[in-house]
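Trainee: What shape does this take:
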Amino acid sequence: MKKAAAILFATVMMFSLAACGGTGQTAGKDDTSPDAGTEVQGDKVLEGKTVGFSQTDSMSAWRTTETDSIQEYVENAGGEFIVKDAGGDIATQESDIRDLTAAGVDYLVVAPLEDNGLQGALQEAMENEIPVILVDRAIEGEAGTHFTTAIMSDFVWEGEQCAKAITEALPEGGNIVIINGGYDSSTSTDRQEGFVNGLDPDKYKIVAEQDGEWLMDKAQAVMENILQAQGGENIDAVFCVTDDMVQGAMNAIDAAGLTPGEDILTVGIDGTRAAFEAVESGRQLASCTCSPYFGEIVVSTITQLINGEDVPAHITNEDTLYTKENVVVDLGF
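Mentor: Numbering: from 1, shown residues only. Model (predicted):
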């Protein structure tokens, strides 16, 4: 399965994508999931159907790629696609969901901005017999009441893989900086949990932890402050919950006259093109993928619902940890 994911990313990660950030309960590794590679039965399975998509924002290439992917597959299946962009505001997203429900969409796809704040609107959609498919993030809610299914990566696992890369590179231990995406997003907290739990506390010390707000420039400013407070010689590695923020952290390391990958190791999550290039060059130690390509699995899931089939409450997207060794082999650097 991992090899299949590697082959997929060799094709799709030719684009520079930004953060796979946000909220979400982690779907378990042993959850049953439909095959994302299965062809949708019938060229126009969504003929006469409308799919509404509530997107958190369009401030990154990752988000716009996610929207484009879902739109492409819905329209290729004959469906009408309506997208609402919340612009990073939870109140706007709640209103967007209610608007889509009032418009009578047949299926509602939602990338929740935060863990809480959307439960009432989602429950209203479910009560109106509109199946709700959460993508890339989830909420503090119940399957069957607030959503039909949630499709996302295993964020804890992603963090664990980054910790594994650090422990292999620094077997004697070291001082670690964490730049997260905030504490109202369980994507951020789950990734951080997986990372921290993957480190031996007797060997690795978290010397600083700050919110980079998912943004490259914010992470750069945060890292600049940390370097000034801690001193570069007292930091061995930086873990960011997105690769976009790793880029910002590396900019700060460069500005301090230090060399990423030599003086300070960096690890992150998303599998962006920029991250893969940094891993190949040795500036970034590792990157764990997090795919924005939800279109096929969303339409496959809707097809199952149309056919009256049972859909699992949690569907896990498989990801891959890339280091210099396999990024060269799998992605052709």
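
Trainee: quick one, domains of this structure?
Mentor: Here the domain assignment for the chain is 2-152+293-316, 155-289, based on automatic domain parsing.

Trainee: which one of those domains is the most hemmed in?
Mentor: Most buried of these, by mean neighbour count (mean count of other Cβ atoms under 10 Å): domain 155-289, with a mean of 21. From N, CA and C alone the C-beta is placed, and that goes for glycine too.

Trainee: Quote the end-to-end distance of it.
Mentor: 10 Å (Cα to Cα, to the nearest Å).

Trainee: One more: stretch 143-150?
Mentor: The first-to-last residue distance of stretch 143-150 comes to 8 Å (Cα to Cα).

Trainee: From the rest of the structure, what touches it?
Mentor: Applying Cβ atoms under 8 Å, 6 or more residues apart in numbering, the contact partners of stretch 143-150 are 24-25, 27, 110, 119, 122-123, 126, 131-135, 138-139, 141, 301, 305, 311-315.

Trainee: Those residues in strands, which ones?
Mentor: 110, 132-135, 314-315 (DSSP state E).

Trainee: need those in CSV with pLDDT and distance to Val177, can you?
Mentor: Below are the ones in strands among the contacts of stretch 143-150 laid out as CSV (pLDDT from 0 to 100; distance: Cβ to Cβ, whole Å):
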residue, pLDDT, distance to Val177
Val110, 98, 33
Val132, 98, 38
Ile133, 98, 36
Leu134, 97, 31
Val135, 96, 30
His314, 94, 32
Ile315, 94, 33
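
Trainee: Now render those as JSON lines, adding distance to Leu170.
Mentor: Below are the ones in strands among the contacts of stretch 143-150 laid out as JSON lines (distance: Cβ to Cβ, whole Å):
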{"residue": "Val110", "distance to Leu170": "40"}
{"residue": "Val132", "distance to Leu170": "43"}
{"residue": "Ile133", "distance to Leu170": "41"}
{"residue": "Leu134", "distance to Leu170": "36"}
{"residue": "Val135", "distance to Leu170": "35"}
{"residue": "His314", "distance to Leu170": "34"}
{"residue": "Ile315", "distance to Leu170": "35"}
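
Trainee: between these, which is nearest Asp85?
Mentor: Nearest to Asp85 among those, counting by Cβ to Cβ, is Val110 at 12.4 Å.

Trainee: Skip the chain neighbours and tell me the closest residue to the closest one.
Mentor: In space, and not counting its chain neighbours, Val110 is closest to Ser54: 4.5 Å by Cβ to Cβ, 6 or more residues apart in numbering.

Trainee: check contacts around that neighbour.
Mentor: Counting by Cβ under 8 Å, 6+ apart, Ser54 has contacts 83-84, 86, 93, 96-97, 100, 108-111.

Trainee: If we use 6 Å, what do you get?
Mentor: Contacts for Ser54 (Cβ atoms under 6 Å, 6 or more residues apart in numbering) come out as 84, 93, 96-97, 110.

Trainee: and it, what are its bridge partners?
Mentor: On the basis of DSSP bridges, Ser54 is bridged to Lys84, Val110.

Trainee: Would you check how far apart it and Thr101 are?
Mentor: The gap separating Ser54 from Thr101 is 10 Å, by Cβ to Cβ, to the nearest Å.

Trainee: sorry, back to before: and Thr323, which of the domains of the chain is closest to it?
Mentor: Closest approach to Thr323 among the domains of the chain (Cβ to Cβ): domain 155-289, 4.8 Å.

Trainee: Ala150 - that's part of a helix, no?
Mentor: No - Ala150 is assigned strand when assessed by DSSP: H, G, I helix; E, B strand; the rest coil, not a helix.

Trainee: what distance separates the start and the end of stretch 168-177?
Mentor: Taking Cα to Cα, stretch 168-177 runs 17 Å from one end to the other.

Trainee: and that stretch, how far from the chain's centre?
Mentor: Stretch 168-177 has its C-alpha centroid displaced from the chain centroid by 25 Å (Cα atoms, centre = their mean, to the nearest Å).

Trainee: Just the residues contacting it, thanks.
Mentor: Here stretch 168-177 makes contact (Cβ under 6 Å, 6+ apart) with 203-208, 226, 234-238, 265, 285.

Trainee: What is the nearest of the residues you listed to Asn76?
Mentor: Checking these against Asn76 with Cβ to Cβ, the nearest one is Leu285 at 38.8 Å.
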